[in-house]
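Engineer: Turn this into a structure:
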Amino acid sequence: MSAKPVKILPKSVLCELQEVKVLRNWEPEVNSDGVQREPNKPESEDQKQEFIENLNLKIDHLDPDQKTITRPVLQVERCVFTRSFGFGKHGSG
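Structural biologist: The predicted model follows:
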């Protein structure tokens, strides 16, 4: 590995893609070891509300319409929020 800067000229070819043949289709219900998984159970409204409360975000300054829009976005993008390293309601993060 080099720490030297590299100059890349405009319109330089950086890589080349090649067509691939699909050997097998991905099945979300089956793990890589072939074990069948149970489908995800939908969360109740209480579980969704608890998740948002545990984020310990301050959304009091938002008007009701903004809160209505924000809550589903937080729920959908929940994977970006950490639950470790002391963040959230139960930690000191």
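Engineer: okay, CA-based contacts and neighbour counts for the rest of this
Structural biologist: Fine.
Engineer: For this protein, which segments count as helices?
Structural biologist: All helices of the chain, identified by DSSP state H, fall at 45-54, 64-76.
Engineer: what is the orientation angle of the shortest one with helix 64-76?
Structural biologist: On the basis of axes from the mean of the first three to the mean of the last three Cα atoms, to 10 degrees, helix 45-54 is oriented at 100 degrees to helix 64-76.
Engineer: From the contact counts, what lies against helix 45-54?
Structural biologist: Applying 3 or more Cα pairs under 8 Å, 6 or more residues apart in numbering; DSSP states H and E, we find helix 45-54 packed against helix 64-76.
Engineer: Now tell me what touches stretch 60-72 from outside.
Structural biologist: Residues outside stretch 60-72 that contact it (Cα atoms under 8 Å, 6 or more residues apart in numbering) are Ile52, Ile59.
Engineer: which stretch among the helices of the chain comes nearest Glu16?
Structural biologist: Closest approach to Glu16 among those (Cα to Cα): helix 64-76, 34.8 Å.
Engineer: Show me what counts as buried in that closest one.
Structural biologist: Using 16 or more other Cα atoms under 10 Å as the test for burial, helix 64-76 gives Leu74.
Engineer: How about stretch 41-52?
Structural biologist: Under the neighbour-count criterion of 16+ other Cα under 10 Å, stretch 41-52 has Phe51, Ile52 buried.
Engineer: Using PDB, list the CA coordinates for it.
Structural biologist: Provided in PDB are the C-alpha atoms of stretch 41-52 (Å, rounded to 0.1, in the frame of the first residue of the first chain):
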ATOM      1  CA  LYS A  41     -43.100 -10.700  12.900                       C
ATOM      2  CA  PRO A  42     -44.600  -7.200  12.400                       C
ATOM      3  CA  GLU A  43     -44.100  -4.900  15.400                       C
ATOM      4  CA  SER A  44     -47.000  -3.500  17.400                       C
ATOM      5  CA  GLU A  45     -47.500   0.200  17.700                       C
ATOM      6  CA  ASP A  46     -46.300  -0.100  21.300                       C
ATOM      7  CA  GLN A  47     -43.000  -1.700  20.200                       C
ATOM      8  CA  LYS A  48     -42.500   1.000  17.600                       C
ATOM      9  CA  GLN A  49     -43.200   3.800  20.100                       C
ATOM     10  CA  GLU A  50     -40.900   2.200  22.600                       C
ATOM     11  CA  PHE A  51     -38.100   2.000  20.100                       C
ATOM     12  CA  ILE A  52     -38.400   5.700  19.300                       C
END
